[in-house]
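Peer 1: Turn this into a model:
(2 chains)
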There are 2 protein chains.
Amino acid sequence: MQGVMQGRAAAGRGAHYTVGIDYGTNSVRALVVDVRTGEELGAGVFDYPSGARGILLDPEDPELARQNPQDYLDGLERSVREALGRAARHEAAGGDGFDPSRVIGVGVDTTGSTPIPVDAGGRPLGLQARFRDRPAAQVWLWKDHTSHADALRVTEIASALRPQYLAKCGGRYSSEWYWAKVLRCAQADPEVFDAAHTWVEHADWIPAVLTGTEHPERLRRGVCAAGHKALYHPDWGYPDEEFLAALDERLVRVGRTLPDRTYSVAEPAGRLTDDWAARLGLPAGIPVAVGAFDAHLGAVGSGVREGTLVKIIGTSTCDLMVAPMGRGVADIPGLCGVVPESVLPGAFGLEAGQSAVGDIFSWLVDAVRPANKGHAELTAEAERLRPGESGVLALDWWNGNRTVLVDQRLTGLMLGLTLSTTPAEMYRALVEATAFGARVIMERYEAYGVPVERIVNCGGISEKNPFVMQIYADVMGRPVQISRSAQTCALGAAVAGAVVAGAGAGGHADFGEATAAMTGVRDEAFTPIPAHQAVYDRLYGLYRRLHDAFGVPNNTGGDLYGVMKALLDVRDDALRGGAT
Amino acid sequence: MQGVMQGRAAAGRGAHYTVGIDYGTNSVRALVVDVRTGEELGAGVFDYPSGARGILLDPEDPELARQNPQDYLDGLERSVREALGRAARHEAAGGDGFDPSRVIGVGVDTTGSTPIPVDAGGRPLGLQARFRDRPAAQVWLWKDHTSHADALRVTEIASALRPQYLAKCGGRYSSEWYWAKVLRCAQADPEVFDAAHTWVEHADWIPAVLTGTEHPERLRRGVCAAGHKALYHPDWGYPDEEFLAALDERLVRVGRTLPDRTYSVAEPAGRLTDDWAARLGLPAGIPVAVGAFDAHLGAVGSGVREGTLVKIIGTSTCDLMVAPMGRGVADIPGLCGVVPESVLPGAFGLEAGQSAVGDIFSWLVDAVRPANKGHAELTAEAERLRPGESGVLALDWWNGNRTVLVDQRLTGLMLGLTLSTTPAEMYRALVEATAFGARVIMERYEAYGVPVERIVNCGGISEKNPFVMQIYADVMGRPVQISRSAQTCALGAAVAGAVVAGAGAGGHADFGEATAAMTGVRDEAFTPIPAHQAVYDRLYGLYRRLHDAFGVPNNTGGDLYGVMKALLDVRDDALRGGAT
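Peer 2: Residues are numbered from 1 along each chain as shown, chains lettered A, B, ... in the order given. Reported below is the predicted structural model:
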């Protein structure tokens, strides 16, 4: 990679830049990237000011999680301006100074499915005075689980009427997704539902704002959100009226606002308006790529390709793969979707994920606060333990299970607790549980013909926590690499900005060229340690028994007598001089 | 009770006293009691100095728990002298000053099964220089679980050869018990095993020391330890040689050291020697009652009678009942024993228990240390929660399960954990789990024809924690009373001392008279709150499903899918205005 950077700099082409804008759960981040090298010249972060760390909560309903659309607009301006300011102060590679006039494109990613009810002009209801304090009129954040009953209803009705809809999104519809949330609003707050002309994904709304295409007639909706969360497929478009009517007659009206086709991130949503160009300090008229979910562009920013599983590990994870469209891919039960071009053009995008990962570790540190120890101290203590020696095993369902069970009505479990169990043992068990959950996902991919040759992890935990990464390598039995960038989602958005800008404008001709130039992995990688793998294979077997017993209806292998005993056997072997 | 006290004082009889000596897991306590009223004039406590809070541990084997016999001897002198000193400074009821010459008897209780390997003179091997650092030569504390494989072997061989042995101790032999420990020693340290002439329960050894009857030929072994832990029964005596040989040929030699008959606490082990009288500051020649387990004499100190379940709640619990011998009692699977006269003469003593209760609460406070909050703070926060609202459910197996599963290879489990679960919710779930475990025991008694009309709790948690007591009343659906004494085990031992002294010496003619005079309950009681009971009935159903799935081999009701969901339903009902 270093060679590529120098080679291009030596070629003497003038520098060009793109801006990637990444809307996370608690903040938005903007990143200025050198198109030739992927060098990150400046970043800006804006923490959403509303609610609890940007999330509007309901003390009477722990499943509700909304956001204020105004936070997104404020954050857009603040984060981009801050990123540009930092880039200007940056000593750019090759001696070129940064000049915002050389920014040639913008890309955007957001969380999702995070739909926003909007009026006939495309303006969020939550920005209107009459709805300002109405939870249903705000943004329905991905982790809002108020609609679990509605999700069940979507699954039931689709199973009966349109099984093909479900086949493309893993066989079960989730309460995190578009139609479940729209349906919930129709039930819970009909006034807001009636006031909403249509519902726009956060990932589609931001590019529309930047390009002045918010009006529903002009809005370009991305295939990523549509295909993974809203039952869209190129073969049939969005769900048909008969199906929507079976869910709720009132949904037919919403369905009529949805377009016949959607767009991939290789296509522009439009061009930056004069107004937003002035507000952001960017050239007017540069292309803004169609939006996608953070994880999908995170996979792009990690250099996803066939055989690579990209895990974006943060509060939760997304586990992305791509597979060439030419060969076709089976419908994979439990996945969040197999969607043409949802990650890269010309490939199926395959999405899976875990509903909580970093959030679980933070639960122990911030909610339980064992002896007031922080992540660093618990990590240091947990690292000294041998695999299996604690005898503690957990199910990583603190926020439900996204893949492969697609069930938010599941909860966290810890077992093997004894009077001598320590916080470090609990911490390690939680890390291991998320690794076991990751292995379930990997095995599901492989069972349906999508082999995993290497794993590229990205996200804050990947960079900062070699302890966690080694456990992932040991549990999953694959080499684990770490993405070079600390902000792969924003970088992936910047890659999309470079592709929609095109080679002629100083960007890239396609994603293959762009990711080769702009992304990469760190030199150091994590290789499975055979003795640890052997212990973790035993523990994983026990994890699977618990997983299937609590998570799979009518499962036949449900006899759990022996699980605690087998766990103690693993512990005793570890204590009596097993793996170190 | 008050009336009885005054009546007797008015009768003008001179005061007489007995001393109860109670050996717990971490300390020994002596108590000077007024025989007429049960008034406690003075107590002395001695913390065992060896090991970790008196327990010798092995960092490589978490199941090992031994004690130093010297601690018992040092504690005997120190605790009794301190109790007598305090009694002398006490303003005795009725204006009589305390005079140690008016002490008329001594009773002793200890933990168990806590066997001690002794030489041919009855002296513990651990007191001999050559064995001083040898774990196997020390006292094998009740909670030593190194012998779980040996316990399985006892169960298997007894099932095949002598099913009647097992029928009287619940159908499964425990790793906490006498023969499992002796067998383990034979396997693990044959040199110690060969050096041990016989094995003496701690409860039998202390009265023998006090009365100079340690020699195995003179030693009076109590029916309590023998019947509940060593397969003794009046119908057949100790196990026969064929059975012991089937366990291990070498056990036959140990079996030959055991007597044909045993004794109840209504009988004296002997009379206090001059030497010990001088060391303790008591009259020489007063009778010392045969020893029994702490829980059994705790039941006596709580005024146990037919229909009363006495729960001695400390680090663990014992759940004692009595049933008249005339009617007979079924063999009750999973109990720690149904033994004639093990609690009171003329009645079957029925013992059950939980392997950890207070220990589990202390695990959270002392090992996990959530936000460094103590019991008081967590209790205050947990008390404000409504039943079911946390959605957290636990299995109280942090130290295995004593009753009804008799399985030490079980471990603690918590389920229903979410990202918003708090330490107070965990604390409450642990309290509830121990209450559910208590209900399993109560229901087992009742299912076999021993009805529970009222519950009398005693032990530190009972006195200090009305929050826990109310949950017990709500979960168990019975009125819960609290024993008047703060040290019912030592009081029960003092009652035994009064009975062996006899009415002629100023003591009591029998246990009925003695407990009527010396024991009682507090005025305040805890009554089940119907709305809470309804919630706990739902949670208990879920607890039972987990209990049976993880604890019962080949159980048929093992489908756990739905447990987490049902728990969330209970939570949602509680949050949406259910029981308060």
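Peer 1: the strands in the stretch 151-300 of chain A, which residues?
Peer 2: A:198-201, A:268-271, A:287-289, A:292-293 (DSSP state E, counting those that start in this stretch).
Peer 1: next one: the stretch 301-450 of chain A
Peer 2: A:308-313, A:317-324, A:337-340, A:347-354, A:393-395, A:412-417.
Peer 1: Quick one: closest of those to chain B.
Peer 2: Among these, strand A:412-417 comes nearest to chain B, with 3.3 Å by CB to the nearest CB. Every C-beta, even on glycine, is put in place using the N, C-alpha and C of the backbone.
Peer 1: got the strands of the stretch 301-450 of chain A as CSV, with mean neighbour count columns?
Peer 2: Formatted as CSV, those follow (neighbours: other CB atoms under 10 Å in any protein chain shown):
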stretch, mean neighbour count
strand A:308-313, 27
strand A:317-324, 24
strand A:337-340, 24
strand A:347-354, 25
strand A:393-395, 26
strand A:412-417, 25
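Peer 1: Redo those strands as TSV? Include mean pLDDT and distance to chain B.
Peer 2: Formatted as TSV, those follow (pLDDT from 0 to 100; distance: least, CB to the nearest CB, whole Å):
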stretch	mean pLDDT	distance to chain B
strand A:308-313	95	16
strand A:317-324	94	15
strand A:337-340	90	24
strand A:347-354	94	13
strand A:393-395	98	8
strand A:412-417	98	3
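Peer 1: can you tell me which of these comes nearest to residue A:105?
Peer 2: strand A:347-354 (21.0 Å; CB to CB).
Peer 1: Each with direction, which strands does that closest one pair with?
Peer 2: Counting by DSSP bridges, the strands paired with strand A:347-354 are strand A:317-324 (antiparallel), strand A:337-340 (antiparallel).
Peer 1: quick check: angle from the longest one to strand A:308-313?
Peer 2: Same thing as strand A:317-324. For strand A:317-324 against strand A:308-313, the angle by axes from the mean of the first three to the mean of the last three CA atoms, to 10 degrees is 160 degrees.
Peer 1: Pretty sure residue A:383 sits against residue A:467.
Peer 2: Yes. Judged on CB atoms under 8 Å, residue A:383 makes contact with residue A:467 at a distance of 4.7 Å.
Peer 1: Helix or strand: which one has residue A:108?
Peer 2: strand A:103-110 (DSSP states H and E).
Peer 1: That strand: what's the following helix or strand?
Peer 2: The first helix or strand that comes after strand A:103-110 along the chain, using DSSP H and E, is strand A:115-118.
Peer 1: what about that following strand, distance to the chain center?
Peer 2: 19 Å (CA atoms, centre = their mean, to the nearest Å).
Peer 1: Restrict it to CA atoms and write it as CSV.
Peer 2: Taking C-alpha atoms only, strand A:115-118 is exported to CSV below (Å, rounded to 0.1, in the frame of the first residue of the first chain):
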residue,chain,number,x,y,z
PRO,A,115,-37.0,5.6,8.7
ILE,A,116,-38.3,9.2,8.9
PRO,A,117,-41.9,10.2,8.4
VAL,A,118,-41.9,13.1,6.0
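Peer 1: ok, and what's touching it?
Peer 2: Strand A:115-118 is contacted by residues A:69, A:124-126, A:136-137, A:139-140, A:178, A:181-182, A:185, A:192-193, A:195-202, A:205, A:214, A:216 when judged by CB atoms under 8 Å, 6 or more residues apart in numbering or on different chains.
Peer 1: Only whichever of those are buried, select them in PyMOL.
Peer 2: A single PyMOL command selects the buried members of the contacts of strand A:115-118 (16 or more other CB atoms under 10 Å in any protein chain shown):
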select buried, chain A and resi 69+124+125+126+136+137+139+140+178+181+182+185+192+193+195+196+197+198+199+200+201+202+205+214+216
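Peer 1: Just the ones in helices from the contacts of strand A:115-118, please.
Peer 2: Applying DSSP state H to these, the entries found in helices are A:69, A:178, A:181, A:182, A:185, A:192, A:193, A:195, A:202, A:205.
Peer 1: List the contacts of the residue nearest the centre of chain A.
Peer 2: The residue lying closest to the centre of chain A (CA atoms, centre = their mean) is residue A:295, at 3.4 Å. Residues in contact with residue A:295 (CB under 8 Å, 6+ apart) are A:312, A:318, A:320, A:351, A:353, A:489.
Peer 1: low pLDDT regions in the stretch 401-550 of chain A?
Peer 2: Within the stretch 401-550 of chain A, not a single segment meets pLDDT under 70.
Peer 1: got the residues of it near chain B?
Peer 2: A:409-423, A:426, A:549-550 (CB under 8 Å from any CB of the partner chain).
Peer 1: same deal with the stretch 51-200 of chain A?
Peer 2: Counting by CB under 8 Å from any CB, the stretch 51-200 of chain A comes close to chain B at A:60, A:61, A:62.
Peer 1: Check the stretch 251-400 of chain A too.
Peer 2: A:356, A:359-360, A:363, A:367-372, A:391, A:397-399.
Peer 1: try 10 Å
Peer 2: Residues of the stretch 251-400 of chain A lying near chain B by CB under 10 Å from any CB of the partner chain: A:315, A:355-356, A:359-360, A:362-364, A:366-373, A:389, A:391-395, A:397-400.
Peer 1: tell me the contacts of residue A:278?
Peer 2: Counting by CB atoms under 10 Å, 6 or more residues apart in numbering or on different chains, residue A:278 touches A:272, A:284.
Peer 1: For the residue of the stretch 1-150 of chain A found nearest chain B, report the pLDDT, please.
Peer 2: Residue nearest to chain B within the stretch 1-150 of chain A: residue A:62 (5.8 Å; CB to the nearest CB). If you check residue A:62, the pLDDT there is 86.
Peer 1: Could you name the specific helix or strand carrying it?
Peer 2: For residue A:62, the host element (DSSP H and E) is strand A:61-67.
Peer 1: now that strand, how far from the chain's geometric center?
Peer 2: Relative to its parent chain, strand A:61-67 has a centroid offset of 19 Å by CA atoms, centre = their mean.
Peer 1: That one - which strands sit beside it in the sheet, and in what orientation?
Peer 2: Strand A:61-67 has its sheet partners listed here by DSSP bridges as strand A:56-58 (antiparallel), strand A:139-140 (antiparallel).
Peer 1: Using CSV, lay out those together with mean pLDDT and distance to residue B:567.
Peer 2: Converted to CSV, the strands paired with strand A:61-67 look like this (pLDDT from 0 to 100; distance: least, CB to CB, whole Å):
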stretch, mean pLDDT, distance to residue B:567
strand A:56-58, 96, 20
strand A:139-140, 98, 25
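Peer 1: closest one to residue A:28 among these?
Peer 2: Short answer: strand A:139-140, nearest of these by CB to CB, at 12.7 Å.
Peer 1: which residues sit against that closest one?
Peer 2: So strand A:139-140 is in contact with A:55-56, A:64-72, A:110-111, A:113-117, A:124-126, A:146-147, A:176, A:178, A:180-182, A:184-185, A:199-202, A:205, going by CB under 10 Å, 6+ apart.
Peer 1: the longest helix in chain A is where?
Peer 2: Ranked by residue count and defined by DSSP H, the top helix of chain A is helix A:423-447.
Peer 1: and residue A:12, what pLDDT?
Peer 2: At residue A:12, pLDDT is 38.
Peer 1: do the same with the one 5 residues further on
Peer 2: With respect to pLDDT, residue A:17 has a value of 97.
Peer 1: In space, what's closest to it - neighbours in sequence excluded?
Peer 2: residue A:103 (4.8 Å; CB to CB, 6 or more residues apart in numbering or on different chains).
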